[in-house]
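Chemist: Attaching a predicted model along with its sequence, questions to come.
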Amino acid sequence: MPFKTEPQHTHGAVPHTAIVLVNLGTPDAPTRSAVRRYLKEFLSDPRVVEIPPRLWSLILHLFILPFRSGKSAAKYRKIWTREGSPLKVHTEKQAALLQTLLQERGHDGVRVVMAMRYGAPALPEVLDQLKLDGVDRIALLPAYPQYSGTTTGSIWDAVFGHYRQIRNVPELRLVKHYHDHDGYLDALRDSVLAYWDAHGRGDKLVMSFHGVPKRTLLLGDPYHCECHKTARLLARRLGLAPDDYVVTFQSRFGRAEWLQPYTAPTVAELARAGTRRVDVICPGFIGDCLETLEEIGMEVKHEFEAAGGQDFHYIPCLNESPAWIAGLAEIAEQHLIGWPTMMSPAGREAERRDAQLGREQALRQGAAA
Ligand SMILES: C=CC1=C(C)c2cc3[nH]c(cc4nc(cc5[nH]c(cc1n2)c(C)c5CCC(=O)O)C(CCC(=O)O)=C4C)c(C)c3C=C
Ligand SMILES: [Fe+2]
Ligand SMILES: [Fe+2]
């Protein structure tokens, strides 16, 4: 594989540090063509669909993309905001707030940017830009609290794939998961308690996580266990008895069996069994997106009401809540340990001199050429 052209190595340059908050990605617009482009990239990832590639490509192009793109675009239109897709808007805001909070906590030498695994801003382009900006230490922070090969594993594929074409690979740190991190769990607890304070409390708390094919669990993916651990620890923080809550899995895709119990049939069954009010939270998503706002807030709500349920409450994701941004900062800080993140006056001066040196060197090289 040929190497990409890279900036010249500058002697003595102060290496900059960055955190990249990486999310799944979302279409550029709620249109059929934009959704098709996005789904094509997403669903062509062999980490996401484990069907032999040639056979899958046929199914994808003949059946999935022609039918799903229009239907999904209609769903995106229901949740699209003036600022764009909620997933992207929340990820952008979280990255900006994390940068500000890290600065306030003294880590003024750290940049925080966001990137998407599929769609824009594409992870390889963000990594290229960081290289141009002189960043040589990168902590990658996926927007997934629970590890799965289908999501976090796929981010690592994209990162390593990109650096296969780079000679001077930066120092990297990978945040594998934070499903049991106090900062994440405390923020979840606070969000549930604040919701109950404002709206009263339901008969049952449904903790709905994005599903994955059951086969991946049987083949060693820890995602299912990490979801259950998050649920257990959150329940403990809320003082819930086992009967007060239920863990479910949503967003089944395709015909294979996925992790059970499925969210929609579970809430319908709860309604039929006489549960008047359910509160649904989606702890596996750190920001609201299609899967929470449309699938839970609209489709699952409809199923509950159609089965006789009276009162359906969706508890929003952590989004930009101050407790969550503080949690993110704690997670980030733990993965930055040992890296110089505070820019002392001497560091700033060294950086200024290096920049000057770099410019002079480039000028000399230009003159010699
Ligand atoms: C939170 C973790 C996620 C896991 C695990 C996950 C696995 C997974 N997803 C699909 C298929 C689809 N997912 C879709 C949307 C979507 N998925 C996640 C997160 C996880 N996916 C998010 C945050 C979103 C929302 C994106 C947005 O723009 O808001 C979709 C597209 C939506 C649609 O067309 O209806 C599909 C398809 C698979 C197959 C999978 C694991 C194998
Ligand atoms: Fe998904
Ligand atoms: Fe398990």
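Modeler: Everything's here; your move. Ligands and ions are numbered 1, 2, ... in the order given.

Chemist: and stretch 139-156, is it in reach of ligand 3?
Modeler: No. Taking Cβ under 5 Å from the ion as the criterion, stretch 139-156 and ligand 3 are apart, separated by no less than 11.1 Å. Where you see a C-beta, it was placed from the backbone N, CA and C, and this is true even at glycine.

Chemist: Okay, buried residues for that stretch please.
Modeler: Within stretch 139-156, the residues that qualify as buried are 139-152, 154-156, counting by 16 or more other Cβ atoms under 10 Å.

Chemist: One more: stretch 180-197?
Modeler: For stretch 180-197, by 16+ other Cβ under 10 Å, it's 181, 183-192, 195-196.

Chemist: do stretch 10-28 as well
Modeler: 13-14, 16-28.

Chemist: next one: stretch 124-144
Modeler: 124, 126-128, 130-131, 134-144.

Chemist: and if you look at stretch 95-112?
Modeler: Buried residues in stretch 95-112 (16+ other Cβ under 10 Å): 95-99, 101-102, 105, 107, 109-112.

Chemist: quick one on the thing from earlier: can you pick out the ones from the buried residues of stretch 10-28 that are in strands?
Modeler: Within the buried residues of stretch 10-28, residues falling in strands by DSSP state E are 16, 17, 18, 19, 20, 21, 22, 23.

Chemist: Could you export the residues you listed as a markdown table, including distance to ligand 3 and pLDDT?
Modeler: Formatted as a markdown table, those follow (distance: Cβ to the ion, whole Å; pLDDT from 0 to 100):
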| residue | distance to ligand 3 | pLDDT |
| --- | --- | --- |
| 16 | 40 | 91 |
| 17 | 36 | 96 |
| 18 | 34 | 98 |
| 19 | 30 | 98 |
| 20 | 29 | 99 |
| 21 | 27 | 99 |
| 22 | 25 | 99 |
| 23 | 25 | 99 |
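
Chemist: Present the buried residues of stretch 95-112 as a markdown table; the columns should include distance to residue 320 and pLDDT.
Modeler: Output for the buried residues of stretch 95-112, formatted as a markdown table (distance: Cβ to Cβ, whole Å; pLDDT from 0 to 100):
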| residue | distance to residue 320 | pLDDT |
| --- | --- | --- |
| 95 | 11 | 98 |
| 96 | 9 | 98 |
| 97 | 6 | 98 |
| 98 | 10 | 98 |
| 99 | 13 | 97 |
| 101 | 11 | 98 |
| 102 | 15 | 97 |
| 105 | 17 | 96 |
| 107 | 19 | 93 |
| 109 | 24 | 91 |
| 110 | 19 | 96 |
| 111 | 19 | 96 |
| 112 | 14 | 98 |
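
Chemist: Filter those residues down to just the ones in strands.
Modeler: Using DSSP E, the subset of those located in strands is 110, 111, 112.

Chemist: on that earlier part again, which one of the buried residues of stretch 95-112 sits closest to ligand 1?
Modeler: Checking the buried residues of stretch 95-112 against ligand 1 by Cβ to the nearest ligand atom gives residue 95 as the nearest, at 15.8 Å.

Chemist: Pretty sure the closest one sits against residue 111.
Modeler: No. Counting by Cβ atoms under 8 Å, residue 95 does not reach residue 111; the two are 9.6 Å apart.
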